[in-house]
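**Q** structure for this input, please:
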Amino acid sequence: MGFVNVVALQILQFFRFIGISFFNRFITKLELKEKCKRKRFDFVEESLTSSARENGLIPQDKEWYFEKTREDQNEDVFIYGVNSNENAFLLKVRRRLQANNRCLVIVNLCFKDGNYLYDFNGSDLNTNTSSTRYEVNGFSLQLLSPFRRWRICFTGNLKRTDINTHEEQNVFASIRMLWYSLSAVFDMQTDNHISLISQTVKDFNANDEYFFEDRYEQYGQLKGTVQFESDETKTIILWGNKCKSFFDKNRNQSSNIRRLYGFVKDGIGFHCGILKEDTSGKRFNYGHFFTGVNVVFPIEKTESLVQEFDSLLNNANTSIKMIAEGPRIVTANIDAALKSCEWFSIHKLKINGFEGLSVFIDDGNMEKEEMSLYNQLCHFDRYKIAVSEKSLTNDFVMSIGDPNSISSEISGGKGMSLSQLTVLLEEKEVKEKFNYTVPQGVIVTTNAYKEYLKENKDVKNAIETLQQTRIFNTLITEEEPTILNKGMQFAMFGHEVRIDGFTHPSVEKSVKTSIFFKIKVVFVLLELVFNCVKRLRKTSKLYENIDFFKDDFKTSEELFEFISNSVTKLYEV
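**A** So this is what the prediction gives:
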């Protein structure tokens, strides 16, 4: 009997120290598998019998929900692009909720062109209103069509640094870029491969809030122009990623996330990373790569990323081998950094003999890095008092430094900035720490502008008409929208345009009465149809049903020329 008791105690001890751990890992893996079944993004299957929305040509409402900002959550947007000419573009936008329905928008922009590095770091406290646009001091990032197109604009001064001599100077720059998607969406909550994650979840619970980021990514292309000072405008084409993540404002900031992105000439791209919780030491690896055919493959297995990432931090060469289903094997050979900054480094990359660039980012340190001048000034008491005491006024003119002029609703963006700096100069600590001067003068407030419009109805009407006809603000509608009206919206914007059913009377009248506008609508609709057919011919199995286009029109230009001649003759008749 005593022997049986001893054996029973040993079994219990074994189960206590080993069995429970094994059981927890098993349960965690089951929870991971269950979580990965809950897909958030639907992949469409193109069909001639489906609608444009079902075919993915037009965004669904759910897509708008994921891409637009959320009023109750902080968020990050990261876009990068590289090319074989060693150009690199990096953009990090952070939106942090503040009190009184306001949000702090922080922008870090960097562009590498030859031996020069151009960077911009800005931040601003905005009213939490726009759900599709981020704006900071000459910078704008706008959502045009969810999971399809974003627009990046910047006009202002950048700091230019010579990579070799480290000489710095401020230059005026104009950047205009569009981001286009090249792949399906990769969801960090559901699409990571179980085998890779389960290697590092021994002590994790699958429901830990820091375990899965509320983050999704797409591979894409950046196209646009850049101009510095009076230099000739350059056309730039880059390949890379767009990532967006959401998290609660009370998120634990002790997590440290290191990410490595890369892209090479033949269209192979990858992203792998490590998420580590500083206090407990818990971590997990993740990753995926892209081979240029729309599908993103989650990595099943990789060698120790910790050692490779430590090598990158120490500015040494390293190699990372990634394996996905198939098996598909990608070996990335990464050289020492071409350029290292506070929050990123750029490296030469080679995959299967093809050259490219990679970007290494320490996301965790971005929240801990030293704040910009603007953010440091925001912590001084005089600024806090001025902001809390500011009130709306009916004055047409006020001096710079008046507490009321701190409101952008009264003074506009530039007036507000000058007023903030003037008020802060009254703080002794500011004078000692920051050496700057502020131009003095007066501000003509928005009240004067509103009063002018009130007395000049014709100017007001002209402005309203112009605003309503701007892209993304025009809604061509009737009580029962026609196919032409709907088609025009889809063709021009890629999605249905909505502004709560409002259409300015002058716009509606001009649309209904213009024969030339309706002819333009026909052309745009035909272009949409032709592009749809071209896309279906490449991807659909129903090629034989739409083969009549192949012999008649080789390009869209030939089709449009034929239609143009036909419509012209019809109009003459």
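**Q** give me every residue that touches E303.
**A** By CB atoms under 8 Å, 6 or more residues apart in numbering, the contact set of E303 is 320-321. (Each C-beta comes from the backbone N, C-alpha and C, glycine too.)
**Q** so the nearest residue to V330 once chain neighbours are set aside is in which element?
**A** Among residues not flanking V330 along the chain, M322 sits closest, at 4.7 Å (CB to CB, 6 or more residues apart in numbering). Following DSSP states H and E, one finds M322 within strand 318-324.
**Q** same check on D231?
**A** Here D231 is assigned to no helix or strand, by DSSP H and E.
**Q** show me what the strand holding M322 is in contact with.
**A** For strand 318-324, the external contacting residues (CB under 8 Å, 6+ apart) are 193, 260, 270, 272, 287-289, 297-303, 305, 307-308, 311-312, 329-334.
**Q** swap in stretch 339-347?
**A** 88, 90, 92, 108, 110, 112, 117, 119, 163, 312, 315, 334-338, 357-362, 365-366, 369.
**Q** from those residues, list the buried ones, please.
**A** 88, 90, 92, 108, 110, 112, 117, 119, 312, 334, 337-338, 357-362, 366 (16 or more other CB atoms under 10 Å).
**Q** got the buried residues for the strand or helix carrying I175?
**A** Taking DSSP H and E as the criterion, I175 maps to strand 168-181. Neighbour counts using 16+ other CB under 10 Å place 173, 175-177, 179, 181 of strand 168-181 among the buried residues.
**Q** partner strands of it and their direction?
**A** Strand pairing for strand 168-181, using DSSP bridges, gives strand 149-162 (antiparallel), strand 214-228 (antiparallel).
**Q** G224 and Y180 touch, don't they?
**A** No. Counting by CB atoms under 8 Å, Y180 is not a contact partner of G224; they are 10.7 Å apart.
**Q** about what we covered before: can you put the buried residues of strand 168-181 in a markdown table and add distance to K350?
**A** Below are those laid out as a markdown table (distance: CB to CB, whole Å):
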| residue | distance to K350 |
| --- | --- |
| A173 | 31 |
| I175 | 29 |
| R176 | 31 |
| M177 | 26 |
| W179 | 26 |
| S181 | 26 |
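**Q** a markdown table please, covering those and showing pLDDT and distance to M416.
**A** Listed next are those as a markdown table, based on pLDDT from 0 to 100; distance: CB to CB, whole Å:
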| residue | pLDDT | distance to M416 |
| --- | --- | --- |
| A173 | 92 | 23 |
| I175 | 95 | 24 |
| R176 | 94 | 26 |
| M177 | 95 | 28 |
| W179 | 95 | 30 |
| S181 | 90 | 36 |
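**Q** can you flag the buried ones in the contacts of strand 318-324?
**A** Buried among these (16+ other CB under 10 Å): 193, 260, 270, 272, 287-289, 297-302, 305, 308, 311-312, 330, 332-334.
**Q** rewinding a little: give me the contact list for the strand holding I175.
**A** Applying CB under 8 Å, 6+ apart, the external contacts of strand 168-181 come out as 79, 89, 111, 118, 144, 147-162, 218-229, 233, 236, 242.
**Q** among the residues you listed, which ones are buried?
**A** Buried subset of these (neighbour count, 16+ other CB under 10 Å): 79, 89, 111, 118, 144, 147-150, 152-154, 158, 160-161, 218-220, 222, 224, 226, 228, 236, 242.
**Q** what's the distance between the closest residue to T445 other than its chain neighbours and N108?
**A** Nearest non-adjacent residue to T445, counting by CB to CB, 6+ apart: I410, 5.0 Å away. Noted for I410: a distance of 30 Å to N108, by CB to CB, to the nearest Å.
**Q** what of V306?
**A** 26 Å.
**Q** ditto for V82
**A** V82 sits 17 Å away from N108, going by CB to CB.
**Q** ok so, going back, in its sheet, what does the next helix or strand after the strand holding M322 sit against?
**A** Using DSSP H and E, the next helix or strand after strand 318-324 towards the C-terminus is strand 328-340. Strand 328-340 has the following strand partners under DSSP bridges: strand 318-324 (antiparallel), strand 344-351 (antiparallel).
**Q** pLDDT on strand 328-340, on average?
**A** Here strand 328-340 scores 83 as its mean pLDDT.
**Q** then stretch 103-113?
**A** Stretch 103-113 shows a mean pLDDT of 90.
**Q** okay, now the unreliable bits of the stretch 201-350 of the chain?
**A** For the stretch 201-350 of the chain, the stretches with pLDDT under 70 are 201-212, 249-255, 278-281.
**Q** try it again at 90.
**A** For the stretch 201-350 of the chain, applying pLDDT under 90 flags the ranges 201-215, 229-231, 245-258, 265-268, 272-348.
**Q** can you give me the strands for the stretch 1-150 of the chain?
**A** In the stretch 1-150 of the chain, the strands defined using DSSP state E, counting those that start in this stretch lie at 74-82, 88-98, 102-113, 116-127, 133-136, 139-145, 149-162.
**Q** between those strands, which gets nearest to N256?
**A** N256 lies closest to strand 74-82 among those, at 14.9 Å (CB to CB).
**Q** surely L104 and R95 touch.
**A** Yes. Using CB under 8 Å, L104 is in contact with R95, at 7.5 Å.
**Q** nearest to G415, out of the strands of the stretch 1-150 of the chain?
**A** When the strands of the stretch 1-150 of the chain are compared by CB to CB, strand 116-127 sits nearest G415, at 13.8 Å.
**Q** which residues are contacting the closest one?
**A** Residues outside strand 116-127 that contact it (CB under 8 Å, 6+ apart) are 98, 101-112, 135-139, 154, 156-163, 171, 173, 228, 339, 341, 372, 374-375, 378.
**Q** equivalent analysis for stretch 90-100, please.
**A** 69, 72-80, 103-111, 125, 128, 134, 141, 152, 249, 343-344, 359, 366.
**Q** mind running it again at 7 Å?
**A** When contacts are defined by CB atoms under 7 Å, 6 or more residues apart in numbering, stretch 90-100 is touched by residues 69, 74-80, 103-110, 125, 134, 141, 152, 249, 344, 359, 366.
**Q** and stretch 215-233, by the same measure?
**A** In this structure, residues lying in contact with stretch 215-233 by CB under 7 Å, 6+ apart are 81, 89, 111, 147, 171-183, 185-188, 234-245, 269, 271, 290, 296.
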